[in-house]
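Colleague: Predicted model and sequence below, questions to follow.
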Amino acid sequence: MTLRLPYVRPGQVVGLLGGSFDPPHQGHAHISREALKRFGLDQLWWLVSPGNPLKAHGPAPMERRITACRAMVTHPRIHVTDAEAQLGTRYTAQSLRALQVARPGVRFVWLMGADNLAQFDQWQDWRDIMERVPVAVLARPGQRISARMSKAARVYGAARLPAASSHSLGHRGPPAWCFVNVPMLAVSSTRLRAKGEWPQSERG
Ligand SMILES: Nc1ncnc2c1ncn2[C@@H]1O[C@H](COP(=O)(O)OP(=O)(O)OP(=O)(O)O)[C@@H](O)[C@H]1O
Ligand SMILES: O=C(O)c1ccc[n+]([C@@H]2O[C@H](COP(=O)([O-])O)[C@@H](O)[C@H]2O)c1
């Protein structure tokens, strides 16, 4: 199967920010810029999810979210991809396996906000994710403590890198993860939907 993916050379470090992006917002743009700086990434891809397996309601149609993401991303090293729709995957562990097969030699790093680390042990094959790629966690308002106390943080406590070493994360062998305290933006898709800034009628 030929995947349409952003161009990347073997050896480069690519951060994957998986998300519903329903809608995309300044918080996504902000953590992406911070992640590029803090984790020494060559590129960062917004991996737009066909639908978070843990969320009860499906998001807006893929095309609409992809278009909104592309309109928001202006950084030359940040790219938007529908790879999971092409692959027919929505579980992160499966997507990572497929991307590693499709782009051998590329160093993928999984990125997420602290809210996702807090419930990471509910994800399918979450230990496989930790053993497969380095994981970068970015602070999110109200979530720092729950993330630090989470099962994933406890189980993989010995694999945690100090924030001062965050630049080397992409070159570490997994398991390796790092939590960075970036300046926080209290914006969320939930809040934007509630304010009517992303009309619900077109949701999937
Ligand atoms: N303001 C933010 N600060 C830190 N991380 C964030 C922020 N907004 C989103 N993220 C992270 O970006 C990724 C994609 O987020 P997502 O598309 O679910 O947006 P969201 O605002 O969390 O949406 P929702 O409110 O619908 O759950 C997740 O890993 C999430 O933790
Ligand atoms: O693989 C899983 O079991 C899993 C469970 C929950 C969330 N995820 C992924 O986590 C990313 C963030 O999801 P969201 O809805 O918080 O933006 C997105 O890529 C989801 O597919 C993945």
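Modeller: That came in fine, so what should we check first? Numbering: from 1, shown residues only. Ligands and ions are numbered 1, 2, ... in the order given.
Colleague: what residues does the protein put near ligand 1?
Modeller: Proximity of the chain to ligand 1, by CB under 6 Å from any ligand atom, involves residues 17, 19-22, 27-28, 31, 112-113, 115-116, 138, 140, 185, 187-190. Any C-beta I mention is one placed from the backbone N, CA and C, and that applies to glycine too.
Colleague: Now intersect the residues you listed with the strands, please.
Modeller: 17, 19, 112-113, 138 (DSSP state E).
Colleague: near ligand 2, which residues of this protein?
Modeller: Close to ligand 2, as judged by CB under 6 Å from any ligand atom, the chain has residues 18-20, 47, 49, 52-55, 90-93, 116, 123-124.
Colleague: hey, which helix is longest across the chain?
Modeller: Of all segments of type helix in the chain, defined using DSSP state H, the longest is helix 26-38.
Colleague: What lies in contact with the helix or strand just after that helix?
Modeller: Per DSSP states H and E, the first helix or strand lying C-terminal to helix 26-38 is strand 43-48. Contacting residues not belonging to strand 43-48 are listed as 5-6, 8, 12-21, 24, 28, 32, 35-36, 62, 65-66, 69, 73, 75, 77-85, 95, 111 [CB atoms under 8 Å, 6 or more residues apart in numbering].
Colleague: Now restrict these to buried residues only.
Modeller: Neighbour counting by 16 or more other CB atoms under 10 Å classes 5, 8, 12-21, 24, 28, 32, 35-36, 62, 65-66, 69, 73, 77-85, 95, 111 among the contacts of strand 43-48 as buried.
Colleague: quick one on the thing from earlier: pick the one among the ones in strands among the residues of the chain next to ligand 1 closest to ligand 2.
Modeller: residue 19 (3.5 Å; CB to the nearest ligand atom).
Colleague: In contact with the closest one, which residues?
Modeller: 28, 46-49.
Colleague: can I get those residues in CSV with distance to residue 180 and pLDDT?
Modeller: Converted to CSV, the contacts of residue 19 look like this (distance: CB to CB, whole Å; pLDDT from 0 to 100):
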residue, distance to residue 180, pLDDT
28, 16, 98
46, 19, 98
47, 20, 98
48, 23, 98
49, 23, 98
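Colleague: who wins for neighbours among the residues you listed?
Modeller: residue 46 (27 neighbours; other CB atoms under 10 Å).
Colleague: Using the three-state scheme, assign the nearest residue to that residue once chain neighbours are set aside.
Modeller: Spatial nearest neighbour of residue 46, chain neighbours left out: residue 80 (4.7 Å); criterion: CB to CB, 6 or more residues apart in numbering. Look at residue 80: counting by DSSP: H, G, I helix; E, B strand; the rest coil, its state is strand.
Colleague: Give me the distance between residue 80 and residue 143.
Modeller: Shown here: residue 80 relative to residue 143, a distance of 25 Å by CB to CB, to the nearest Å.
Colleague: sorry, back to before: any quick PyMOL command for the buried ones out of the residues of the chain next to ligand 1?
Modeller: Buried subset of the residues of the chain next to ligand 1, written as a PyMOL selection, criterion 16+ other CB under 10 Å:
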select buried, resi 17+19+20+21+22+27+28+31+112+113+115+116+138+140+189
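Colleague: Confidence-wise, which helix or strand of this protein is lowest on average?
Modeller: helix 144-148 (a mean of 86; mean pLDDT, DSSP states H and E).
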